[in-house]
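In: The sequence and its predicted three-dimensional model are supplied below.
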Amino acid sequence: MCGPAVTVDLPSGEGALAAEAILHLKKGDVLVIAGKGRCDCSYWGDHRSICASMKRAEAVVIDGGFRDAEGCEKAGFPVFAKGLTCRTAAKSGQGTIQSEVSCGGILVRPGDLIVGDRNGVVVIPPEDAEEIMERAESKHRLQELLIKQMKKRER
């Protein structure tokens, strides 16, 4: 997944504003939920995955827990989270949308590029994206060359 961040900063154990943040999503966005690392309650579930998928968002990244893993998977909406739980979060509505957040100890600003796969998630400031992409492509080409050389030596 890859897309610009829409951020939600939540007090520990508070999840209602994550649902409201879905309304701010546009096609290709990645929702980043700063849940303070708490995994004994869920900030996300299958219903929210369905709603975010309908907005054609890319994924959600959660510094905390989520629930309904099977339903989220069926919705086809990628969830990157710290943990899985069956408990829900409180719903007082506290928190902020589209502010700088700390997610897993990493600063994320609205609009930062969020890139992830099964190996993990990275945050790329837009002003660094071109340089980072060039370096990544160069490294990928070098790795392909090394693999070809290793295969030649096997023969």
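Out: Thanks, I have it.

In: Which secondary structure element is home to the residue nearest to the spatial centre of the chain?
Out: In the chain, the centroid-proximal residue (CA atoms, centre = their mean) is Val61; its distance is 2.5 Å. Per DSSP states H and E, Val61 falls inside strand 59-66.

In: Looking at that strand now, give me its mean pLDDT.
Out: The pLDDT scores in strand 59-66 average 98.

In: So what touches it?
Out: Identification of contacts with strand 59-66 by CB atoms under 8 Å, 6 or more residues apart in numbering yields 1, 3, 30-45, 48-49, 52, 72, 77-85, 87, 102-104, 114, 116, 121. The way it works is simple: take the backbone N, C-alpha and C, and place the C-beta from them, glycine included.

In: Could you write out the alpha-carbon coordinates of that strand in CSV?
Out: Written as CSV, here are the backbone C-alpha positions of strand 59-66 (Å, rounded to 0.1, in the frame of the first residue of the first chain):
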residue,chain,number,x,y,z
ALA,A,59,-5.2,1.1,4.2
VAL,A,60,-5.2,1.9,7.9
VAL,A,61,-2.1,1.9,10.1
ILE,A,62,-2.8,1.7,13.9
ASP,A,63,-0.5,2.2,16.8
GLY,A,64,-2.8,0.0,18.9
GLY,A,65,-5.3,-2.9,18.5
PHE,A,66,-8.0,-3.8,16.1
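
In: list the helices and strands the helix or strand just after it packs on?
Out: Next helix or strand after strand 59-66 toward the C-terminus (DSSP H and E): helix 69-75. The contact analysis (3 or more CB pairs under 8 Å, 6 or more residues apart in numbering; DSSP states H and E) places helix 69-75 against helix 46-54, strand 79-84.

In: Can you tell me what sits against the longest one?
Out: By that I understand helix 46-54. Against helix 46-54 from outside (CB under 8 Å, 6+ apart): 18-19, 22, 25, 31, 60, 67-68, 70-72, 74-77, 79.

In: tell me the angle it makes with strand 59-66.
Out: Here the directions of helix 46-54 and strand 59-66 differ by 170 degrees (axes from the mean of the first three to the mean of the last three CA atoms, to 10 degrees).
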